[in-house]
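Enquirer: task: produce atomic coordinates for the following.
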Amino acid sequence: MLIDIDKIDFSEQGNQRTRYDATTLAELAASIKEQGQIEPIVVRTKPSGRYELMAGHRRFLAMQMNGSAQIDATVNDDADPSLVMLTENIMREDLDPIDEAGAYRRVMDEKGITADELAAKVGISAQIINNRLPLLTLIPDAQELVRSGQLSVGYAKALAGAGLDTNRQRIALAALRDQGRPTLTWFRQVVAKLLMDQAQESLFAMPLYDGELATALPPMTLPPDPTKDKPVAKSSGVTSVLAEHVAFWLDAADQWLAMGRPAKARECRAAASAIENVLSAFKRDSLRL
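Expert: Numbering: from 1, shown residues only. Just a heads-up that it's a prediction; the model follows:
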């Protein structure tokens, strides 16, 4: 049915999104203007005789942008606005991960229900909800990076699930930005190290870091690279020097592996193996002589 737009109140109760992208909203308005409104919004009747918007907030705003006097709507006076809007947005993948997490938390708090109960009501896995909720513990800077897509959900979950304080979250983000080719394994190790530091009472009085994230940490010192580094000999004998070089590259391989760089670790092991072959051949020749 068609309802006058000025009789519909834009309720925040059912709306899970905290922000709207102006560009995509304008594109939606242009699409509706050209092709018409394909799907109705959902409203419910208020005691005053006006209507409360339950689902279709973007379509409603787009129609307003087009200057439309009326909008196609479905009246549903029995449905729960929070659950209707949440279900619609999930099905449309319409929320960024932070808004999605906030939506789950608000509905759970509002209804006094658990993640399992909410999952049953909206028809999704409770694991999805439980994976999103920790994102709300991220500091605002980290949440903005997730919203913009600069910080993937995988890295965000690794950071959010650790329970780091504000200071160490910022340091972890700085380390991530300074690392040229980070991996999730390496980042988890960074987070684990910061969590270990946090557990020590001597660091609890650490002053809050409030500088730029990109310069929070100095550039990381990388392990030796067989393509450009050479071990320094400490011994004088040939066999001793070769043995030192083998140990040097095996140790470098362990360091690269700890940083989540298995390819570099393999290069170091290959260098160690080549030197071991030379050492073995030298020992065989020495025995023959």
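Enquirer: quick check: next helix or strand after the lowest-mean-pLDDT helix or strand in the chain?
Expert: Taking mean pLDDT, DSSP states H and E as the measure, the chain has helix 81-91 as its least confident helix or strand, at a mean of 67. Note on helix 81-91: by DSSP states H and E, the next helix or strand toward the C-terminus is helix 97-111.
Enquirer: list the buried residues in that next one.
Expert: By neighbour count on 16 or more other Cβ atoms under 10 Å, the buried set for helix 97-111 is 97-105, 107-108. Where C-beta positions appear, they are placed from N, C-alpha and C, glycine not excepted.
Enquirer: would TSV of those residues with distance to Ala258 be doable?
Expert: Below are the buried residues of helix 97-111 laid out as TSV (distance: Cβ to Cβ, whole Å):
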residue	distance to Ala258
Pro97	29
Ile98	31
Asp99	36
Glu100	34
Ala101	31
Gly102	36
Ala103	38
Tyr104	36
Arg105	36
Val107	42
Met108	39
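Enquirer: closest to Lys234 out of those?
Expert: Ranked by distance to Lys234 (Cβ to Cβ), the buried residues of helix 97-111 are led by Pro97 at 51.7 Å.
Enquirer: how about the helix or strand containing Glu144: buried residues?
Expert: Assigned by DSSP H and E, Glu144 belongs to helix 140-148. Judged by neighbour count (16+ other Cβ under 10 Å), helix 140-148 contains these buried residues: 142-143, 145-146.
Enquirer: low-confidence stretches in the protein?
Expert: For the chain, the stretches with pLDDT under 70 are 11-21, 78-79, 81, 84, 87-95, 200-221, 259-260, 285-289.
Enquirer: mind giving me the domain ranges of it?
Expert: Domain ranges of the chain: 2-95, 140-215, 238-288, per automatic domain parsing.
Enquirer: so Pro47 belongs to a strand, correct?
Expert: No. Read with DSSP: H, G, I helix; E, B strand; the rest coil, Pro47 is coil and lies in no strand.
Enquirer: mind listing what the nearest residue to Leu279 once chain neighbours are set aside touches?
Expert: Computed as Cβ to Cβ, 6 or more residues apart in numbering, the closest residue to Leu279 that is not its neighbour in sequence is Leu242, at 4.2 Å. Contacts for Leu242 (Cβ atoms under 8 Å, 6 or more residues apart in numbering) come out as 275, 278-279, 282.
Enquirer: out of the domains of the chain, nearest to Ser125?
Expert: Between Ser125 and these, the tightest spacing by Cβ to Cβ is seen for domain 2-95, at 11.0 Å.
Enquirer: can you tell me how far Lys234 sits from Ser240?
Expert: The spacing between Lys234 and Ser240, counted by Cβ to Cβ, to the nearest Å, is 8 Å.
Enquirer: between those two, which one's more packed in?
Expert: Taking other Cβ atoms under 10 Å, Lys234 and Ser240 do not tie; Ser240 has more neighbours (13 against 9).
Enquirer: which positions in the helix or strand containing that one come out as buried?
Expert: Using DSSP H and E, Ser240 sits within helix 238-258. Neighbour-count burial for helix 238-258 flags 241-242, 244-246, 248-250, 252-253, 256-257 (criterion: 16+ other Cβ under 10 Å).
Enquirer: Ala160: which of these is nearest?
Expert: Leu257 (25.7 Å).
Enquirer: what's the separation between that closest one and Phe248?
Expert: Note on Leu257: its distance to Phe248, by Cβ to Cβ, is 15 Å.
Enquirer: same thing with Gly123?
Expert: Computed as Cβ to Cβ, the Gly123 to Phe248 distance reads 58 Å.
Enquirer: kindly report the same for Tyr51.
Expert: Noted for Tyr51: a distance of 75 Å to Phe248, by Cβ to Cβ.
Enquirer: mind jotting down where the strands sit in the protein?
Expert: 2-4, 8-9, 41-45, 51-55, 70-75 (DSSP state E).
Enquirer: of the ones you listed, which is nearest Asn130?
Expert: Among the strands of the chain, strand 51-55 comes nearest to Asn130, with 24.8 Å by Cβ to Cβ.
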